Every structure is written in C-alpha cells, then in structure tokens.
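[1] the amino acid sequence is not available; the structure is as follows:
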C-alpha cells in the first residue's frame, strides 16, 4: 500500500468508530499530517474524546489524557523532579502526561492560565523545561484539546497567544438522524465486546506522508490568495466598510503558515501534487476562526467568526 492509501485506511477505521463526523476526522488528520495541534470545540457527547481515542487506537502511538480542572498544577502536566535517596540520592525527573505521542487535553478551558501556559512550550517548541533542564518531546507529538462552548461557569477562556498555537480549530456539530441511528447500533454492538482490533498503522506512515506533503507545489497565485485572505483580516476596511466594523484584530503570520501547510495536506489527501483555491477554501475557516477577534458591533449583529470569514471569501477574488 502507498502512504496515501494507508492514511486513507486510517481515516476509514476512525470513521467506523466515529459515525456522522467525516469532516471532523479529515481535519484531525490534517492537523496530524501538518505536525500541528488541534482544538476541538463542541457540545458534550459529540464524540470529541472518542475521535481522539480512535486515532490513538488505530495509529501505533501512545495516548495520554489530562482532565483539566481548576485545581490542576503545571507540574501535573509537565512532570517534576523527585528526590530518590534510596537509589541514587539525586533528583530524578518524573515525566508528566505531556510526554506522549497524542495528548488529549480534555476541557482545557477549565484550568487556570498558569496551567494552560504549561502547554505552550511543549506545543510550540516540542520540549519542556523543568528545574533548568530541557526534556524533548516524542518525534510524533500532537496536542488535541477539547472545550465546551456553552458552559462558562468555572472556566478560563484560552489566551490569544495559546489559541494561535493551534493550527486549526474544529467546530463539531450534531450528527444527522441517520447517523444517530447508526451510532446507537454501533454502541450496542460494542457493548457485546465482539469487535476485533486490526493491527495499528505504524508511525512511520505519518512521517512519510509529511515528506510527501512538503513536496506539494503551491503556485504564486495560490500563495497570493493565502496572503490576501490573511491580510483581509488585518485591514478589512480596505475591502468594505462592513468588514471594517466587524473585525477588531486580524490573524498573525502563523495563520498564513498554517493555511499553506493545511492546504498542501488537503491537496495530498485528494491525490494531487499541487494546491488549488478550493483546497484553501476548504480549510480556511478552521485556520482563521480562532485567530480573529470580532468587534462589539459584530457581536451585536450576532455575527460569529465563521460568518465573517464567509464575507471575507465573498469579497476577495479567487485566482
């Protein structure tokens, strides 16, 4: 099997576990293929955690789960040094749950800022510094954080600096009725314990896929389209007066980098060696929605980030 066929097989296996969310599965894989971190936002019970566990089950990888709570400490995430007099009479570093291939940061907005910031170095630099020593993360490393959009009591909104470190933010919605029936049947079958687990897909497949994605061609026209979209969030008044009223702050250069990487991954998954405007438009909402800050006027008009991005796509010409 080719690398692409193996990744598609991984997508199919996850799809068998997580019914009615094909778009979510595709975008989690895009985050993995671009060596990025993913933020999943959705109401309780919409298979956010299940999707992450399914990825870990079918990919040869270690999964650790951190349940974020208000009393969590940074050392509970990164690990700490422990004195062991019986063995070596030295401090030994005890790694925290961040040292894994896939890290599920469940309800990340329930922990205070100090704990949330403990993830920053690991997410961006792929290392953790404890007691003056640097500890490297695994070659395959990805943070998948979840949050509930409606429950605000006892939560701490993620700082913009940390949001910017997620390559994409995926909004998860309700499945359709047919999928709902299939979900109930799937859980019923799982409760019988008769499901056989296929052999996991090796990590090397992901590393090989990343090399192939790096070779995907991006034309000057596609690169300019990416730049136009990101710059449109920074200077919306140049596009039209309404957008200028809705946007307070635009996206950082990380958005341009992320959009380029994700568009190449989309093209690769579609079996092409070049990026088209449709590849960019497919992933642009997920790359930008958590990187733009809306104005008071936008909130009054009940505009959300996705609607603003829709307007942006209407006024920026497609190459």
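    Here it is on my side, so go on. These figures come from a predicted structure and were not determined experimentally.

[2] alpha carbons only for contacts and neighbour counts from here, please
    OK.

[3] residue ranges of the strands in the stretch 201-319 of the chain, please?
    247-249, 293-294 (DSSP state E, counting those that start in this stretch).

[4] separation between the residue nearest in space to the middle of the chain and residue 309?
    With distances taken as Cα atoms, centre = their mean, the residue of the chain nearest its centroid is residue 38 (1.1 Å). According to Cα to Cα, to the nearest Å, residue 38 and residue 309 sit 19 Å apart.

[5] helices along the stretch 151-300 of the chain, start to end?
    160-163, 177-190, 204-214, 220-234, 241-246, 253-269, 277-288, 296-300 (DSSP state H, counting those that start in this stretch).

[6] still on that earlier bit, now the strands of the stretch 201-319 of the chain in JSON lines, with distance to residue 119?
    Shown next, in JSON lines, are the strands of the stretch 201-319 of the chain (distance: least, Cα to Cα, whole Å):
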{"stretch": "strand 247-249", "distance to residue 119": "24"}
{"stretch": "strand 293-294", "distance to residue 119": "22"}
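
[7] would you convert the ones you listed into CSV that also reports distance to residue 284 and mean pLDDT?
    Output for the strands of the stretch 201-319 of the chain, formatted as CSV (distance: least, Cα to Cα, whole Å; pLDDT from 0 to 100):
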stretch, distance to residue 284, mean pLDDT
strand 247-249, 16, 90
strand 293-294, 16, 91
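
[8] and residue 277, which of the ones you listed is closest to it?
    The closest of those to residue 277 is strand 247-249. By Cα to Cα, the value is 23.6 Å.

[9] if we go by neighbour counts, what in the closest one is buried?
    Buried residues in strand 247-249, counted by 16 or more other Cα atoms under 10 Å: 247, 248.

[10] just checking, what packs against that strand?
    When contacts are defined as 3 or more Cα pairs under 8 Å, 6 or more residues apart in numbering; DSSP states H and E, strand 247-249 packs onto helix 220-234, strand 293-294.

[11] brilliant, that's me finished.
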